[in-house]
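>>> Requesting a structural model of the entry that follows:
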Amino acid sequence: MEHTSDRISIQVTLSGYSFKIEKEGKEVSSGWLPADRIFTTPEFQKRYEDVELSVLTPKATLVPKNFFNPVDAKKTLEEVVILEEGDVVDYVDVPQFNGVLIYSNTIGESLSKAISQMVLFADGSHPKILPELWYILRDLPQCKEYNKILASYQDSCLCLAIAQGKSLLLCNCYEAADFTTAEYYIFLAMNRLQLNPEVSTISFRTPLEEAQEMSLYRYFKSVEQI
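The predicted model follows:
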């Protein structure tokens, strides 16, 4: 297997995946690809210095670290989402917001597990599969403006986080059947937080179709991808 010093970030949904590769300061995005393409994707036949693998799952919630008890993780998640029988619940620290993200990656699990077996670190180890919301919280400080709005959307799952400066105001996942519904949830959240889209920049981690980006530009000052 070829070894490369590049960095790859992969996002998995119910029906497919997308990936971004960073090399020498330049970024290349695949856009959304169907699940049956994973075995013919040449970028998945390499090893990377850094591998990120996320699943867009609506089954996630952030809790303050001082209120978190590992024994009650599943019960805590069940209070805010519907878990199916057999859903595996896990958790991961979110140190930048002094919290713990409780989640289930059962949605898209087969595809993400297959990719994690194919795309390896340089030392041959496998990447940990984390919920997309964890990466959104990690990357939220990259948003340059004081009002920070970062989202991901695909296959009826919207992950959204909003902050002002270093203060996290909202962190949630929504089931949105289409992009128009996803926009509704974004505007509803901003309205409740009394934020004006016309003076705000919204950023996305997931690829946006041209029509989706143009729709956002009707309401927001700027639309960025990170």
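
>>> how close does the residue nearest the centre of the chain sit to A161?
Residue closest to the mean C-alpha point of the chain, counted by C-alpha atoms, centre = their mean, is E132 at 2.5 Å. Summarising the geometry, the distance separating E132 from A161, computed by C-beta to C-beta, to the nearest Å, is 10 Å. In short, each C-beta sits where N, CA and C put it, glycine included.

>>> residue ranges with poor pLDDT in the chain?
Segments of the chain classed as low confidence (criterion: pLDDT under 70) are 1-5, 108.

>>> residues making contact with the longest helix that it contains?
In terms of residue count, the longest helix belonging to the chain (DSSP state H) is helix 179-192. Residues lying outside helix 179-192 but in contact with it, judged by C-beta atoms under 8 Å, 6 or more residues apart in numbering, are 149, 151, 153, 158, 160, 162, 170, 172, 174, 176, 196-197, 200, 202, 212, 215-216, 219.

>>> in it, what's buried?
Of all the residues in helix 179-192, those buried under the rule 16 or more other C-beta atoms under 10 Å are F179, A182, E183, Y185, I186, A189, M190.

>>> Show me the contacts of helix 179-192 that map onto helices.
Q212, S215, L216.

>>> Let me have the residues you listed in JSON lines, extended by neighbour count and distance to D50.
Supplementary listing: the ones in helices among the contacts of helix 179-192 in JSON lines, determined by neighbours: other C-beta atoms under 10 Å; distance: C-beta to C-beta, whole Å:
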{"residue": "Q212", "neighbour count": "18", "distance to D50": "28"}
{"residue": "S215", "neighbour count": "16", "distance to D50": "33"}
{"residue": "L216", "neighbour count": "19", "distance to D50": "29"}
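
>>> Spell out the secondary structure type for the residue lying closest to T106 once chain neighbours are set aside.
In space, and not counting its chain neighbours, T106 is closest to D87: 4.6 Å by C-beta to C-beta, 6 or more residues apart in numbering. Under DSSP: H, G, I helix; E, B strand; the rest coil, the three-state class of D87 is coil.

>>> And D87, its phi and psi?
Per-residue torsions, D87: phi -60, psi 130 (degrees, to the nearest 10).

>>> correct me, but it touches Y103?
No - with contacts counted by C-beta atoms under 8 Å, D87 stays clear of Y103, the gap being 10.0 Å.
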